[in-house]
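K.L.:
I'll drop the sequence and a predicted model, then ask my questions.
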Amino acid sequence: MTTNPTIAIYPGSFDPITLGHLDIIRRGNQLFDRVIVAVLSNPSKQPLFTVAKRIEQIESCTADLSSVEVDSFVGLTVEYAKLREAKVLLRGLRVLSDFEKELQMAHTNETLWAEIETVFLATAKEYSFLSSSVVKEIAQFGGAIEHLVPENIAQDIYTHYNNKQ
């Protein structure tokens, strides 16, 4: 008997990808046959990096994980999951307020497609405070971010802010 591989979608803006995101990707990689890191193109946000640049960054950070794929999408995550034949959404949780928002989103997604499951992974404690917004704010004011993002991503962020000045 052959079973279909379990494909998980890890959606997000990843602007920029952090060590917390990478922790979830690596742990998800151990749990699922394939993890698709799906970069959301959100027209209502002003991102630091283009979608193409974020895909390139994530691919460079996950090059050692053969069952991780990086892609992008616009629209509803559930519709993208259907398109990719994935029945699992992977989400990271840092704090209680994340849980409330993520649970509401999981329930909403289930109303859109009953076959979708959301799997929550608690972020490693050393990353529980970390968000892309925090990284950008620290970098914007000249603070060190090498302990929050991979080295190549830190360089991209520093370059971005140096070019704006």
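P.N.:
Everything's here; your move.
K.L.:
quick one: contacts for the residue nearest to residue 122 when sequence neighbours are not counted?
P.N.:
Nearest residue to residue 122, sequence neighbours excluded (Cβ to Cβ, 6 or more residues apart in numbering): residue 93, at 5.3 Å. The way it works is simple: take the backbone N, C-alpha and C, and place the C-beta from them, glycine included. Applying Cβ atoms under 8 Å, 6 or more residues apart in numbering to residue 93 gives the contacts 99, 102, 120-123.
K.L.:
Please indicate which of those residues are buried?
P.N.:
Among the contacts of residue 93, the ones that count as buried by 16 or more other Cβ atoms under 10 Å are 102, 120-121, 123.
K.L.:
Tell me which stretches of the protein form helices.
P.N.:
Remark: helices assigned in the chain by DSSP state H are 19-31, 51-61, 77-83, 96-112, 132-140, 151-164.
K.L.:
would you list these in CSV and tack on mean pLDDT?
P.N.:
What follows is the helices of the chain, written out as CSV (pLDDT from 0 to 100):
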stretch, mean pLDDT
helix 19-31, 98
helix 51-61, 98
helix 77-83, 98
helix 96-112, 95
helix 132-140, 96
helix 151-164, 93
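K.L.:
Can I get those in a markdown table including distance to residue 5?
P.N.:
Converted to a markdown table, the helices of the chain look like this (distance: least, Cβ to Cβ, whole Å):
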| stretch | distance to residue 5 |
| --- | --- |
| helix 19-31 | 12 |
| helix 51-61 | 20 |
| helix 77-83 | 14 |
| helix 96-112 | 21 |
| helix 132-140 | 29 |
| helix 151-164 | 29 |
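K.L.:
out of those, nearest to residue 40?
P.N.:
Set against residue 40 and scored by Cβ to Cβ, these come closest in helix 77-83, at 7.6 Å.
K.L.:
Tell me which residues are up against that closest one.
P.N.:
For helix 77-83, using Cβ under 8 Å, 6+ apart, the contacting residues are 9, 11, 38, 40, 73, 87, 89, 109, 112-113, 116.
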